[in-house]
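*Asks:* got a structure for you, letters missing:
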């Protein structure tokens, strides 16, 4: 089939209503589009069948995971160029299998069907989350979602995250390493919580134990870390034993709703609230409030999204939901703050560190790309491709202010009004 790239480019511009901003290379070796930038490669016509049946992000995601589309050159630049046309349109893109009133669109749809080859589409990649049971954010379903994301092998996470094994936004200085930045983030949280020797800290969503270890080793805190991932818990317990900190740290496989042994002096929730869901967020805030002593502090470190003009129309990102964080939800920063206040907290400080997450993600992508063959062996080609796309696209989203990340310091201020917070807890740079 001659010059498939030119035909695809023309069709894409008809269907998208504007010029395709990247060069395209098709399965027959033909190329079309602007030169000098990244190239979108359509390796197999099956990618078109996926996008016909699932227009928008999910069809593209399936083709990417299956290796049917790829990128040559700067992945970040291509994602930034395409995001407005493709990734941000989501399921609003009109199905080509529906009848279109516009004759030009009908003709383009017919041409695309001819290019795509025999229907129906291929099966979804094996890495796609299927077979969920229970209502969203029930204990059972949350455990399934956490297992899908985290129980893919600790060796794989070591490769991506590096020695710190911290899976959240680092806190950067100009010339620091990833490990320096993650240590500085953990220490920033410990200082915001005003941890002291003997304090009881609950680390909700403790991951591989990094915050628990830092709080116990550097501050003498007594820590309970909870996670729903058995692989994380096993890894964290071994690290703690190797550090000689088993007398100060306990790791549990436990839901936050089932913690029985409050009150605590402090609670850290680092990259955990995104899993909770908006319908459960007030319950989450109430639970943490009840687990704190009067005067106790919560540090909630959480990704946020920009507010929608119509918040009722907000939908979970379909690629993230199917392949990365099943049932994960982002809320605007203001909603999080209001919910914490409604639960009884006094919010004393909010620090926005959006740019820091873009830097962190780019380092994780670099780690993955530097040891790509091993990453594939540890998981699967599809899983490695998922992580590369998810982290690179997230970095672009943070850089472009489509999403952010914030640290909320909240206090369970007693009726006396004494918060034990410094008059000037932060000194701004000049």
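*Replies:* Nice, thanks for sending it over. Predicted, not measured: the structure shown is a model, and the values here were computed from it.

*Asks:* wait, residue 15 sits on residue 110?
*Replies:* No. Here residue 15 does not reach residue 110: they are 11.9 Å apart, not a contact under C-beta atoms under 8 Å. Glycine gets a C-beta too; all of them are placed from N, C-alpha and C.

*Asks:* what number of residues lie near residue 153?
*Replies:* If you count neighbours by other C-beta atoms under 10 Å, residue 153 ends up with 14.

*Asks:* and it, how far is that from residue 231?
*Replies:* 7 Å (C-beta to C-beta, to the nearest Å).

*Asks:* Quick check: next helix or strand after the lengthiest strand in the chain?
*Replies:* Across the chain, the longest stretch assigned as strand under DSSP state E is strand 292-305. For strand 292-305, the following helix or strand on the C-terminal side (DSSP states H and E) is helix 318-319.

*Asks:* How far off centre is that next one?
*Replies:* Put simply, helix 318-319 sits 12 Å off its chain's centre (C-alpha atoms, centre = their mean, to the nearest Å).

*Asks:* Got the phi and psi for the spatially most central residue of the chain?
*Replies:* Using C-alpha atoms, centre = their mean, the residue of the chain that lies closest to the mean C-alpha position is residue 325, 6.7 Å off. Residue 325 has phi and psi values of phi -110, psi 90 when expressed as degrees, to the nearest 10.

*Asks:* One more: residue 200?
*Replies:* phi -90, psi 120.

*Asks:* For it, which non-adjacent residue is spatially closest?
*Replies:* residue 264 (4.6 Å; C-beta to C-beta, 6 or more residues apart in numbering).

*Asks:* Need phi/psi at that neighbour.
*Replies:* phi -110, psi 160.

*Asks:* Any stretches of the protein with poor pLDDT?
*Replies:* 1-2, 84-102, 104-106, 131-133, 137, 145-146, 148-151, 427-430 (pLDDT under 70).

*Asks:* quick one: the strands in this structure?
*Replies:* In the chain, the segments counted as strands under DSSP E are 23-25, 31-32, 39-42, 69-72, 200-204, 222-227, 249-253, 264-270, 292-305, 346-352, 403-411.

*Asks:* Adjacent strands (with direction) for the last one?
*Replies:* Same thing as strand 403-411. strand 292-305 (antiparallel), strand 346-352 (antiparallel) (DSSP bridges).

*Asks:* How about the fourth one?
*Replies:* The sheet places strand 69-72 alongside strand 39-42 (antiparallel), with pairing taken from DSSP bridges.

*Asks:* Please list the outside residues in contact with the partner strand.
*Replies:* 4-5, 8, 22-27, 31, 48, 68-73, 78, 82 (C-beta atoms under 8 Å, 6 or more residues apart in numbering).

*Asks:* Return the set of buried residues in that strand.
*Replies:* By 16 or more other C-beta atoms under 10 Å, the buried positions in strand 39-42 come out as 39, 40, 41, 42.

*Asks:* One more: stretch 209-222?
*Replies:* Per 16+ other C-beta under 10 Å, stretch 209-222 contains these buried residues: 209, 210, 211, 212, 213, 214, 215, 216, 219, 221, 222.

*Asks:* now stretch 12-21
*Replies:* 12, 14, 15, 20, 21.

*Asks:* swap in stretch 346-364?
*Replies:* 347-348, 353-354, 356-364.

*Asks:* and that stretch, how far apart are its ends?
*Replies:* Taking C-alpha to C-alpha, to the nearest Å as the measure, stretch 346-364 stretches 35 Å from start to finish.

*Asks:* so how far is that stretch off the chain centroid?
*Replies:* 13 Å.

*Asks:* hmm, who's touching stretch 385-393?
*Replies:* Against stretch 385-393 from outside (C-beta under 8 Å, 6+ apart): 61, 64-65, 67, 75-76, 79, 83, 87, 127, 160, 319-320, 323-324, 361, 364-365, 368-369, 375.

*Asks:* Is there a quick PyMOL command that grabs whichever of those residues are buried?
*Replies:* With 16+ other C-beta under 10 Å as the criterion, this PyMOL line picks the buried residues out of the contacts of stretch 385-393:
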select buried, resi 61+64+65+75+76+79+83+87+127+160+319+320+323+324+361+364+365+368+375
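
*Asks:* Which residues are in contact with residue 311?
*Replies:* residue 332.

*Asks:* Roughly how far does it sit from residue 362?
*Replies:* Here the criterion is C-beta to C-beta. By it, residue 311 lies 31 Å from residue 362.

*Asks:* Distance from the chain centre to the biggest helix by length in the chain, please.
*Replies:* If you go by DSSP state H, the chain has its longest helix at helix 381-399. Offset of helix 381-399 from its chain centre (C-alpha atoms, centre = their mean): 9 Å.

*Asks:* now that helix and strand 403-411, what's the angle there?
*Replies:* Following axes from the mean of the first three to the mean of the last three C-alpha atoms, to 10 degrees, one obtains 70 degrees for the angle between helix 381-399 and strand 403-411.

*Asks:* when you give positions from now on, start the count at 53
*Replies:* Taking 53 as the first residue, the last one we looked at is helix 433-451.

*Asks:* The buried residues of stretch 261-274 in helices, which ones?
*Replies:* Going by DSSP H, the helices hold 262, 263, 264, 265, 266, 267, 268, 271 from the buried residues of stretch 261-274.

*Asks:* Might one say that the fourth one is in contact with residue 295?
*Replies:* Yes. If you go by C-beta under 8 Å, residue 265 and residue 295 touch, sitting 5.8 Å apart.
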